[in-house]
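> any chance you can model this:
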Amino acid sequence: MLSMVAEDHDTCPVEGFDSVRLKKIMGLPSRAEINMVITCGKRLPEGVYGERFRVPSDEVVKNF
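Here you go, the predicted structure:
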């Protein structure tokens, strides 16, 4: 991922992919394992940003 940044590209790891379907599309044997899918593309000079928000800590951190 760092090498892609060095070439002016951005990357994003993908969670929750269908490894069975992906292996079929790629022609891989069923015994093969896919441990990560990473998308990549040419970076936009202005970047791509969405609205950001934070969940209050007391809603997610529990002290026992």
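
> model confidence over stretch 5-23, on average?
For stretch 5-23, mean pLDDT is 90.

> so how far is the longest helix belonging to the chain from its chain's centroid?
The longest helix of the chain (DSSP state H) is helix 19-26. Relative to the chain's own centre, helix 19-26 is displaced by 17 Å; criterion: C-alpha atoms, centre = their mean, to the nearest Å.

> also stretch 46-54?
Worked out by C-alpha atoms, centre = their mean, stretch 46-54 lies 16 Å from the chain centre.

> send the alpha carbons of that stretch over as PDB?
Extracted C-alpha coordinates of stretch 46-54, given in PDB (Å, rounded to 0.1, in the frame of the first residue of the first chain):
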ATOM      1  CA  GLU A  46      -8.300  17.700  -4.400                       C
ATOM      2  CA  GLY A  47      -8.800  14.300  -2.600                       C
ATOM      3  CA  VAL A  48     -12.100  12.700  -1.700                       C
ATOM      4  CA  TYR A  49     -13.600  13.500   1.700                       C
ATOM      5  CA  GLY A  50     -16.900  12.800   3.200                       C
ATOM      6  CA  GLU A  51     -18.600  14.300   6.300                       C
ATOM      7  CA  ARG A  52     -16.900  13.000   9.400                       C
ATOM      8  CA  PHE A  53     -18.400  12.400  12.800                       C
ATOM      9  CA  ARG A  54     -17.400  10.900  16.100                       C
END
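
> so which residue is dead centre in this structure?
Taking C-alpha atoms, centre = their mean, the centroid of the chain lies closest to Pro13, which sits 1.7 Å from it.

> that one and Pro56: what is the separation?
Separation of Pro13 from Pro56 (C-beta to C-beta, to the nearest Å): 27 Å. Quick note: C-beta positions are derived from backbone N, CA and C, even for glycine.

> ok, and for the longest helix of the chain, which residues are buried?
For helix 19-26, the neighbour count (16 or more other C-beta atoms under 10 Å) marks Lys23 as buried.

> hmm, who's touching whatever helix or strand comes next after that helix?
Sequence-wise, the next helix or strand downstream of helix 19-26 (DSSP states H and E) is strand 37-42. Strand 37-42 is contacted from outside by Met1, Met4, Asp8, His9, Asp10, Thr11, Cys12, Pro13, Val14, Phe17, Leu22, using C-beta atoms under 8 Å, 6 or more residues apart in numbering.
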